[in-house]
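> everything below, folded, please.
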Amino acid sequence: MTHFSHASVPLVHLTLGENTCVVSLFGGHVLSYTQSGVEKLFMSKQAKLDGSRPIRGGIPVCWPWFGQLHPDINEHKLAHGLVRQQLWELDAKVSTTKSVSITLSPTDLTHPLWPQGLTCQLIITLTHDHLEVKLLSHNKGEKPVPLSCALHSYFAIDDLPETSLSGITGEYSDNANEGAIGSTPETYRFTGEVDRIHPNTDNILSTDIYHKDRPITAITHAGHDSLVIWNPWRNKSQSFVDFADDEYLQMICVETALTQHFELAPHNHHQLIQTIA
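Reported below is the predicted structural model:
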């Protein structure tokens, strides 16, 4: 397990057999998931764990909008929503011989940009063979509410040039190239900055991360309409105050997301789920 003795944000530790998970209540943020002693998630050595800024690494929760997907983003500049920089509360913890699960919810729903009637919960479940993160959105109001969100997961890798992905096909929108449309390469590797939204036109349900020819992490998705693949590469890494210059070689983001103009109907709910094995 990655050690977080320097963290001043409140943490919740889950353990089941040889598997562990560490969750920060600041941001409702999974910091670490180890499977039989192997860390699956990347956390920057320079990440701030004092509540002063969003945490760089692990699984940030982007909600109720993702990235710049808010109509007034140019005015308020609040990328990735309203819940990454607030405390969440522990609503429940359930332990059995097969799993350990916690339910969290944000504590501050008073922001002027908070959509009327919308609430969310995060359910994190550790089992003997996987970690499941479920983001629940509830519309308790009388009108449909636009919703975009993501589980912005950073995955640990050994060496970016030796890393590839499988399970992704079709066209994508390239945010690193002014939204140009590209075609997913047959061998999905990283040779420069990658910031791509892959619409779920081909029913993408699973993605595998490979080191050379060996699968190291399996990711499954549900409730999504997009996958977002991100690596900042060298130049952008150097501009981040909470990210070492060469750490882009040790991570890739594979994000389970809603980005395609989804609306949540009144008195309805939505589940965005990512499972890591």
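> partner residues bridging N268?
N139 (DSSP bridges).
> what residues are up against I252?
Y154, F155, I157, L160, T163, L165, F190, V194, I209, I229, W230, N231 (C-beta atoms under 8 Å, 6 or more residues apart in numbering). Every C-beta, even on glycine, is put in place using the N, C-alpha and C of the backbone.
> looking at these, which is nearest L31?
L31 has its nearest neighbour among those in Y154, at 10.2 Å by C-beta to C-beta.
> contacting residues for the spatially closest residue to that closest one that is not a sequence neighbour?
Spatially, and ignoring its direct neighbours in sequence, Y154 is nearest to F42 (4.2 Å; C-beta to C-beta, 6 or more residues apart in numbering). The contact partners of F42, by C-beta under 8 Å, 6+ apart, come to G57, G58, Y154, F155, A156, I157, E247, Q250, M251.
> before we move on, what about V12?
Counted by C-beta under 8 Å, 6+ apart, V12 has contacts V22, V23, L25, L90, I102.
> go with 6 Å
V23 (C-beta atoms under 6 Å, 6 or more residues apart in numbering).
> what pLDDT is listed against it?
pLDDT, V12: 98.
> that one sits in which helix or strand?
Counting by DSSP states H and E, the element that carries V12 is strand 11-16.
> could you check how far that strand is from the centre of its chain?
Centre-to-centre, strand 11-16 and its host chain are 19 Å apart (C-alpha atoms, centre = their mean, to the nearest Å).
> so what strands line up beside it?
strand 19-24 (antiparallel).
> what helix or strand is V133 located in?
Per DSSP H and E: strand 131-139 holds V133.
> give me the next element, helix or strand, following that strand.
strand 145-151.
> pull out the buried positions in that next one.
V145, L147, S148, C149, A150, L151 (16 or more other C-beta atoms under 10 Å).
> what is that strand packed up against?
Packing contacts for strand 145-151, counted by 3 or more C-beta pairs under 6 Å, 6 or more residues apart in numbering; DSSP states H and E, involve strand 131-139, strand 251-264.
> who's in contact with the shortest one?
With C-beta under 6 Å, 6+ apart as the test, strand 131-139 has contacts from 21, 33, 59, 117-125, 145, 147, 151, 264, 266, 268-276.
> return the distance of that strand from the chain's centre.
Distance, centroid of strand 131-139 to centroid of chain: 12 Å (C-alpha atoms, centre = their mean).
> pull the CA atoms of it into CSV?
Provided in CSV are the C-alpha atoms of strand 131-139 (Å, rounded to 0.1, in the frame of the first residue of the first chain):
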residue,chain,number,x,y,z
LEU,A,131,-12.4,-2.7,-6.8
GLU,A,132,-15.8,-1.2,-7.9
VAL,A,133,-16.4,2.6,-7.9
LYS,A,134,-20.0,3.6,-8.5
LEU,A,135,-21.1,7.2,-8.9
LEU,A,136,-24.9,7.6,-8.3
SER,A,137,-26.7,10.7,-9.5
HIS,A,138,-30.2,11.4,-8.3
ASN,A,139,-32.6,14.0,-9.8
